[in-house]
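Asker: next come a sequence and a model predicted from it.
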Amino acid sequence: MFTSNEGFSRHISQQFNHELEKIRTELLAMGGIVERQVSDAIEALINNNLDMAEESRRMDKQTNQMELSIDDQCTKMIATRQPTASDLRLIVSISRSVTDLERMGDEASRICKHAIEIAQSGPSPKGYQEVRHIGKLVSSMVKDVLTAFARSDLELAYNVAKQDSNVNMEYRTAMRSLATYMMEDPRSISAILNVMWVLRSLERIGDHARNLSEHLIYQVSGMDVRHQSLISIKRSLRNESPDDEMELNEDN
Amino acid sequence: MTPYQPRTLPDPGQAFPIKLSIRDFNLSFGQTPILKSIDLDVIANHVTALIGPSGCGKSTLLRSLNRLNDLSTECRVSGQIHLDNQDIYAPSMNIADLRRRIGMVFQLPNPFPKSIYENVAYGLRIQGIRSRRRLDTAIEHALTRAALWDEVKDRLNTNAYELSGGQQQRLVIARALAVEPEVLLLDEPASALDPISTLKIEELITELKHNYTIIIVTHNMQQAARVSDYTAYLHQGTLIEYGETQQLFTNPRKRATENYITGRFVE
């Protein structure tokens, strides 16, 4: 298995080296913007900060633009360089990843939109504890998956995929308790619905972070682990790299 | 550099038999070793591509399969190559018969300065076939298989040199097919052709594999990826990696293969 960080600059074509390095850097830059969008959206909601919510929504335009630009560069490289092996996997992985990052940005915008509605509709409704908790989990997933991309770290990518299962579980629990609140106090339905949409967006951001980790696993190892269970991903990673001393966490 | 670890088959459990089996095959010209301990199984009715940098021995390996290297007095071989369980380097092997069973097409089209008809009929006449009806049928069949019949059927008596480069190469393939070979060796068959003629040759290779076992040497990585089912990567006379083409081009097992196909500096 060849980790992608090792050989970017070793092509005979310097121009190709430059192009690959450029899309990789731009992907990480786009990731940085999305990471900030997500954390700002959560903070704007928790602190009723309307300005921050508006600012985070404005950043989404930049994310959209970067998606188009990086995807366009990927298409051009496939057409002109006819990449193979790790180069092909890197380009395919980046092309898939920008789509997921852009959708994470969209979800962050959605959270901001609800944050503005909630702020304008009065006192904080129930469910903020859950938003804070799940938001923290999701933010750390986004941060970790981008770190994994920067280092081509499969162990960290696997941990992000694993963390997504925890987020999904927390989301289901939160939805059940919010449904109970709504039944107990029908006047709060409208406000709590906004919180439910926020939680839904956070859960989706977690799913996209998991997708990113799967794209990275494909990029580095060549294994397509999409639509596979965590156990199966872990098994694949172990089979693929018996000599890599990859210590995957045993407790899942 | 770690050499290829021989396995019986690149695709265990496959339905097609092994057409050519190369075992511990070494070849040297004088004191210079060219091929070192090659182990390779060529699967029948599939296309196997040999890739590698210039001077890696891929053309020499190809030419070993129909003993064209015998023409050099300096050539020494050891090891075995079996065609359907028959040792082709056995003293009892009839080389003319071997070369009929294993046809070859070279980089530059090399038609004879004769008519299109006579080019294809050449091998058949050597075999002693005189009947005009048998020749006509065999020639139509060979030209059809080489996807050239429709373009030349009305001018079979014109000189083969009047054909375009792509047509000449397909004519040479038809000439090889006329003697009903079992294996077809193609040594960079499209490297001197324009993109359209190249695509026609590639299309033809895909068609021909249903009836023949094909081994192709190519410097064009995309061509190897497009037309072959299995790919072998050679470096400095050693077989580094052999496996399914799709696997080799998306996720090679050996770093040396990765470096070569992605155009990185070779260590």
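Answerer: In hand now; what should we look at?
Asker: using the three-state scheme, assign B:R125.
Answerer: helix (DSSP: H, G, I helix; E, B strand; the rest coil).
Asker: now B:D150: which helix or strand?
Answerer: Secondary-structure element containing B:D150, defined by DSSP states H and E: helix B:149-152.
Asker: so for B:S72, what's the nearest residue that isn't a sequence neighbour?
Answerer: Using C-beta to C-beta, 6 or more residues apart in numbering or on different chains and skipping the chain neighbours, the partner closest in space to B:S72 is B:F29 (6.4 Å). Every residue, glycine included, has its C-beta placed from N, CA and C.
Asker: tell me the pLDDT of the residue lying closest to A:I233 once chain neighbours are set aside.
Answerer: Closest residue to A:I233 apart from its sequence neighbours, by C-beta to C-beta, 6+ apart: A:V225 at 4.7 Å. At A:V225, the model reports a pLDDT of 92.
Asker: can you list the neighbours in contact with the helix holding B:D150?
Answerer: B:I116, B:E140, B:L143, B:L163, B:Q167, B:L171 (C-beta atoms under 8 Å, 6 or more residues apart in numbering or on different chains).
Asker: list the buried ones in that helix?
Answerer: B:W149, B:E151, B:V152 (16 or more other C-beta atoms under 10 Å in any protein chain shown).
Asker: can I get those in JSON lines including distance to A:V34 and pLDDT?
Answerer: Below are these laid out as JSON lines (distance: C-beta to C-beta, whole Å; pLDDT from 0 to 100):
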{"residue": "B:W149", "distance to A:V34": "60", "pLDDT": "94"}
{"residue": "B:E151", "distance to A:V34": "57", "pLDDT": "94"}
{"residue": "B:V152", "distance to A:V34": "61", "pLDDT": "95"}
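Asker: circling back: on the three-state scheme, the residue nearest to A:I233 is what?
Answerer: Under three-state DSSP, A:V225 comes out as coil.
Asker: give me the mean pLDDT for stretch A:68-82.
Answerer: For stretch A:68-82, mean pLDDT rounds to 95.
Asker: what about that stretch and chain B, any contact?
Answerer: Yes: using C-beta under 8 Å from any C-beta of the partner chain, stretch A:68-82 reaches chain B at A:Q82.
Asker: pull out the buried positions in that stretch.
Answerer: Neighbour-count burial for stretch A:68-82 flags A:I70, A:D71, A:Q73, A:C74, A:M77, A:R81 (criterion: 16+ other C-beta under 10 Å).
Asker: also stretch B:38-55?
Answerer: Neighbour-count burial for stretch B:38-55 [16+ other C-beta under 10 Å]: B:38-52.
Asker: again, but for stretch A:89-99
Answerer: A:R89, A:L90, A:I91, A:V92, A:S93, A:I94, A:S95, A:R96, A:S97, A:V98.
Asker: and what of stretch A:16-34?
Answerer: Under the neighbour-count criterion of 16+ other C-beta under 10 Å, stretch A:16-34 has A:F16, A:N17, A:E19, A:L20, A:I23, A:R24, A:E26, A:L27, A:M30, A:G31, A:I33, A:V34 buried.
Asker: the residue nearest to B:S72: neighbour count?
Answerer: By the measure other C-beta atoms under 10 Å in any protein chain shown, the count of residues near B:F29 is 14.
Asker: just curious, which of the buried residues of stretch A:68-82 is nearest to chain B?
Answerer: Within the buried residues of stretch A:68-82, the smallest distance to chain B is 8.6 Å, found for A:R81 (C-beta to the nearest C-beta).
Asker: just the pLDDT for the closest residue to that closest one other than its chain neighbours.
Answerer: Distance criterion C-beta to C-beta, 6+ apart; nearest residue to A:R81, sequence neighbours excluded, is A:F16 at 5.8 Å. Predicted confidence (pLDDT) for A:F16: 90.
Asker: quick one: A:F16 and B:D87, what's the gap?
Answerer: If you measure A:F16 against B:D87 using C-beta to C-beta, to the nearest Å, the figure is 46 Å.
Asker: re earlier: now distance to B:G103 too, for the buried residues of helix B:149-152, in TSV please.
Answerer: Converted to TSV, the buried residues of helix B:149-152 look like this (distance: C-beta to C-beta, whole Å):
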residue	distance to B:G103
B:W149	18
B:E151	21
B:V152	20
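Asker: how about stretch A:217-224: buried residues?
Answerer: Buried residues in stretch A:217-224, defined by neighbour count with 16+ other C-beta under 10 Å: A:I217, A:Y218, A:Q219, A:V220, A:S221, A:G222, A:M223.
Asker: now do stretch A:113-132
Answerer: A:K113, A:H114, A:A115, A:I116, A:I118, A:A119, A:P125, A:K126, A:G127, A:E130, A:V131.
Asker: where's the nearest residue to the third one once chain neighbours are set aside, which helix or strand?
Answerer: Yep, that's A:A115 we're talking about. Excluding the flanking residues, the one nearest A:A115 by C-beta to C-beta, 6+ apart is A:L45, at 3.9 Å. Using DSSP H and E, A:L45 sits in helix A:14-46.
Asker: other SSEs contacting that helix?
Answerer: helix A:50-81, helix A:85-120, helix A:128-151, helix A:189-221 (3 or more C-beta pairs under 8 Å, 6 or more residues apart in numbering or on different chains; DSSP states H and E).
Asker: let's go with 7 Å and repeat that
Answerer: helix A:50-81, helix A:85-120, helix A:128-151 (3 or more C-beta pairs under 7 Å, 6 or more residues apart in numbering or on different chains; DSSP states H and E).
Asker: moving C-terminal of the helix holding B:D150, what's the next helix or strand?
Answerer: Using DSSP H and E, the first helix or strand after helix B:149-152 is helix B:165-178.
Asker: any idea which helix or strand comes after that next one?
Answerer: strand B:183-187.
Asker: so, low pLDDT: which residues of the stretch 1-150 of chain A?
Answerer: For the stretch 1-150 of chain A, the stretches with pLDDT under 70 are A:1-9, A:123-125.
Asker: could you redo the last one with a cut-off of 80?
Answerer: Counting by pLDDT under 80, the stretch 1-150 of chain A shows low-confidence ranges at A:1-10, A:121-127.
Asker: near chain B, which residues of the stretch 151-252 of chain A?
Answerer: A:G222 (C-beta under 7 Å from any C-beta of the partner chain).
Asker: so, low pLDDT: which residues of the stretch 151-252 of chain A?
Answerer: A:239-252.
Asker: just want the residue of it that's nearest chain B.
Answerer: A:G222 (3.0 Å).
Asker: with just CA atoms, put stretch B:232-241 into PDB.
Answerer: Provided in PDB are the C-alpha atoms of stretch B:232-241 (Å, rounded to 0.1, in the frame of the first residue of the first chain):
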ATOM      1  CA  ALA B 232       2.700  -8.200 -16.700                       C
ATOM      2  CA  TYR B 233       5.200  -5.500 -15.700                       C
ATOM      3  CA  LEU B 234       8.800  -6.200 -16.500                       C
ATOM      4  CA  HIS B 235      11.800  -4.300 -15.300                       C
ATOM      5  CA  GLN B 236      15.400  -5.100 -16.100                       C
ATOM      6  CA  GLY B 237      14.500  -8.600 -17.300                       C
ATOM      7  CA  THR B 238      12.600  -9.500 -14.100                       C
ATOM      8  CA  LEU B 239       8.800  -9.900 -13.900                       C
ATOM      9  CA  ILE B 240       7.800  -7.500 -11.200                       C
ATOM     10  CA  GLU B 241       4.100  -7.900 -11.200                       C
END
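Asker: okay then, goodbye and thanks.
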